[in-house]
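# I'd like to go over a predicted model; first the sequence, then the structure.
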Amino acid sequence: MFQKIGKTKPSWRNELEITDVNNMYLRESTLTHSILDGWWTDAGTFESLLRATNMVAESGANKIPGRGAPPRHARSDE
């Protein structure tokens, strides 16, 4: 995949687009997919990253079943 990413050119938004990588796989007839349970959201802007963070906090998506929330890592200045 990284070789394909290296072949992409920035879009009109000056961003690399995953669709370009997907299209490379499609042209090679090697594109596959999986259906995952749950939800997905974009996190490409500060606003969408905040929304994604809130969705994770509200849904418990960051918790391992039967183990509770993941441990917090103490910062060195605490």
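Received the coordinates, thanks. Residues are numbered from 1 along each chain as shown.

# helix or strand for residue 25, which one?
According to DSSP states H and E, residue 25 maps onto helix 18-28.

# Could I get the buried residue list for that helix?
Across helix 18-28, burial judged by 16 or more other Cβ atoms under 10 Å covers 21, 24. To be clear about C-beta, it is placed using only N, CA and C from the backbone, and glycine gets the same treatment.

# next one: stretch 28-35
Buried residues in stretch 28-35 (16+ other Cβ under 10 Å): none.

# Would you map the helices across the chain?
2-7, 18-28, 46-59 (DSSP state H).

# Output these as a markdown table; include the columns distance to residue 40.
Listed next are these as a markdown table, based on distance: least, Cβ to Cβ, whole Å:
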| stretch | distance to residue 40 |
| --- | --- |
| helix 2-7 | 20 |
| helix 18-28 | 12 |
| helix 46-59 | 9 |
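
# In TSV, list these along with distance to residue 37 and mean pLDDT.
Shown next, in TSV, are the helices of the chain (distance: least, Cβ to Cβ, whole Å; pLDDT from 0 to 100):
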stretch	distance to residue 37	mean pLDDT
helix 2-7	27	89
helix 18-28	21	94
helix 46-59	12	90
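
# looking at these, which is closest to residue 38?
helix 46-59 (8.3 Å; Cβ to Cβ).

# Output the closest one as PDB, nothing but the C-alphas.
C-alpha atoms of helix 46-59 as PDB (Å, rounded to 0.1, in the frame of the first residue of the first chain):
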ATOM      1  CA  PHE A  46     -10.100  19.600  14.100                       C
ATOM      2  CA  GLU A  47     -13.900  19.700  14.200                       C
ATOM      3  CA  SER A  48     -14.300  16.200  12.900                       C
ATOM      4  CA  LEU A  49     -11.600  14.900  15.200                       C
ATOM      5  CA  LEU A  50     -13.500  16.400  18.200                       C
ATOM      6  CA  ARG A  51     -16.700  14.800  16.900                       C
ATOM      7  CA  ALA A  52     -14.900  11.400  16.600                       C
ATOM      8  CA  THR A  53     -13.400  11.800  20.100                       C
ATOM      9  CA  ASN A  54     -16.800  12.500  21.500                       C
ATOM     10  CA  MET A  55     -18.400   9.600  19.700                       C
ATOM     11  CA  VAL A  56     -15.700   7.200  21.100                       C
ATOM     12  CA  ALA A  57     -16.300   8.600  24.600                       C
ATOM     13  CA  GLU A  58     -20.100   8.300  24.300                       C
ATOM     14  CA  SER A  59     -20.200   4.800  22.700                       C
END
